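Q: the sequence isn't on hand, but the structure is:
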């Protein structure tokens with residue numbers, strides 16, 4: 001079994017910062033691309049940031065210059081540093097990863113349980 005566990009969400013005032021973490025655990029052979037998505041009430045889930053196994057990154061236009069995604073391959077962990085937070089960043093944030101387990105020769109997509117980020121004005 002493979003699971004992703006997120007942490008670091010919470011309530012912050014506009015202009016503040018939060019750091020999200022997502023740790024993968026279980027019968028992992030290799031982790032490919034990882035990313036963070038978010039879903040605000042009555043809106044579709046959207047990609048916030050992604051990072052490849054080699055460290056290449058991409059960001060949604062709405063967070064460029066404010067958010068930074070990184071990963072620690074030794075810890076099977078991906079991070080999202082969020083600075084200059086705005087009320088419109090309020091959403092449930094989900095971790096996503098493509099992982100090949102020890103028992104398969106193909107990658108499956110996994111999701112974390114989500115962590116709430118609330119930015120007050």
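A: Now that the structure is in, tell me what you want to look at. Quantities reported herein were computed from a predicted structural model and do not represent experimental measurements. Residues are numbered from 1 along each chain as shown.
Q: contacting residues for residue 63?
A: 48-49, 82, 89 (CB atoms under 8 Å, 6 or more residues apart in numbering). To be clear about C-beta, it is placed using only N, CA and C from the backbone, and glycine gets the same treatment.
Q: widest-spaced pair of these?
A: 49 and 89 (12.2 Å; CB to CB).
Q: circling back: let's see if you can find the most crowded of the contacts of residue 63.
A: Counting neighbours by other CB atoms under 10 Å, residue 82 leads the contacts of residue 63 with 27 neighbours.
Q: show me what contacts it?
A: 17-20, 63, 66-67, 89, 117.
Q: likewise for residue 8?
A: 18-21, 115.
Q: could you do residue 101 as well?
A: 2, 26-29, 108.
Q: and if we set it to 10 Å?
A: 1-2, 26-30, 107-108, 110 (CB atoms under 10 Å, 6 or more residues apart in numbering).
Q: in CSV: these, plus distance to residue 76, pLDDT and neighbour count.
A: Listed next are the contacts of residue 101 as CSV, based on distance: CB to CB, whole Å; pLDDT from 0 to 100; neighbours: other CB atoms under 10 Å:
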residue, distance to residue 76, pLDDT, neighbour count
1, 14, 88, 7
2, 10, 94, 20
26, 9, 95, 13
27, 12, 94, 12
28, 6, 94, 16
29, 11, 94, 13
30, 10, 95, 13
107, 14, 91, 16
108, 15, 94, 11
110, 11, 97, 19
